[in-house]
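1. Here is a sequence with its predicted model. Questions after.
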Amino acid sequence: MQRILIVEDEVKVANAVKMGLEENGFEVEVAYDGRIGKGLAASQDYDLVILDLNLPHHNGYEICETIRRRNNKVPVIMLTALGGMDDKMQAFELGADDYLVKPFDFRELLARIRVFLKRAGAEVPAAQRYKIVIADLEIDRERKEVNRAGKKITLTAKEFQLLELLAMHKGKVISKLAIAEKVWNIDFDTGTNVIEVYMNFLRKKIDKDFELKLLHTKTGMGYYISEDQ
């Protein structure tokens, strides 16, 4: 599930966009002022960011600069009532990818988001298209093979899909809902523990015999893979 950050101090606008995006399958986080938005942009990874310009504490230009210092690839869409050419030019100079003036039609915003995310998804580094390496773990996506420290690890199809999903989003917490949708193609049922079971299977095969643990749980949020303890 692709993650989108909305930084918007107009609560009605922010909530309406959030609701619309969630209905279209996105995971959405909202910051209602510039301080919170800047903090999230500096510490979290998102697939796309929607920024208002006029915000309390830190404006959209400052947050855009923060994003670009940390991640030069993530698409940034400015969503604001300021429609002057100078405002647009400054936004583009600071790294914004698009600029949508309020009031706007949500369908247009959604179409632009999909274009940027499709383009970003097509720009997966060539090396990662075929092989993912995390510490001493190697995942061959073409041959569906996994090795750790030179030792071949045999996985079932679902175990491989789960590991591949986590590895493709290294360091990012993947929710149970996203895992259920991506790996099992089903809506997540809170009454089942199938994901926990498969994570235990993976831990036994990937981490059990090694000092460095790669698979981690973020309590109440989901799972992630990282060489950082």
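-> On my side now, so go ahead. Just so we're clear, the structure is a prediction, and the values are computed from it rather than from any experiment.
2. okay, now residue 207: neighbour count?
-> 16 (other C-beta atoms under 10 Å). Just so you know, the C-beta spots here come from the backbone N, C-alpha and C atoms, and that holds for glycine as well.
3. How many residues are close by the closest residue to it other than its chain neighbours?
-> Nearest residue to residue 207 in three dimensions, chain neighbours excluded: residue 213, at 4.8 Å (C-beta to C-beta, 6 or more residues apart in numbering). By other C-beta under 10 Å, 15 other residues sit near residue 213.
4. Residue 213 and residue 44, how far apart?
-> When distance is defined by C-beta to C-beta, to the nearest Å, residue 213 is 22 Å away from residue 44.
5. residue ranges for the strands of the protein, please.
-> Under the criterion DSSP state E, strands of the chain are mapped to 3-7, 27-31, 48-51, 76-80, 98-101, 131-134, 137-140, 145-148, 151-153, 215-218, 222-225.
6. Go through the ones you listed and pick out the most buried.
-> strand 48-51 (a mean of 26; mean count of other C-beta atoms under 10 Å).
7. Next, the residues that contact it from outside, please.
-> 2, 4-8, 17, 37, 41, 60, 63-64, 67, 74-80, 96, 109, 113, 116-117, 120 (C-beta atoms under 8 Å, 6 or more residues apart in numbering).
8. Quick one, grab the pLDDT at residue 125.
-> For residue 125, the model assigns a pLDDT of 50.
9. Skipping adjacent residues, who's closest to residue 61 in space?
-> residue 94 (5.5 Å).
10. got any ranges where the chain has weak pLDDT?
-> Applying pLDDT under 70 to the chain flags residues 1, 71-72, 83, 120-130, 186-192, 229.
11. what's the neighbour count on residue 173?
-> 18.
12. Pull the contacting residues for the residue lying closest to residue 169 once chain neighbours are set aside.
-> Spatial nearest neighbour of residue 169, chain neighbours left out: residue 224 (7.5 Å); criterion: C-beta to C-beta, 6+ apart. Residues counted as contacts of residue 224 (C-beta under 8 Å, 6+ apart) are 166, 169, 170, 171, 172, 173, 174, 216, 218.
13. Return the closest of the residues you listed with respect to residue 101.
-> For those, the closest approach to residue 101 (C-beta to C-beta) belongs to residue 172, at 31.6 Å.
14. Return the distance of that closest one relative to residue 224.
-> With C-beta to C-beta as the criterion, residue 172 and residue 224 are 6 Å apart.
15. Check residue 14 too.
-> 27 Å.
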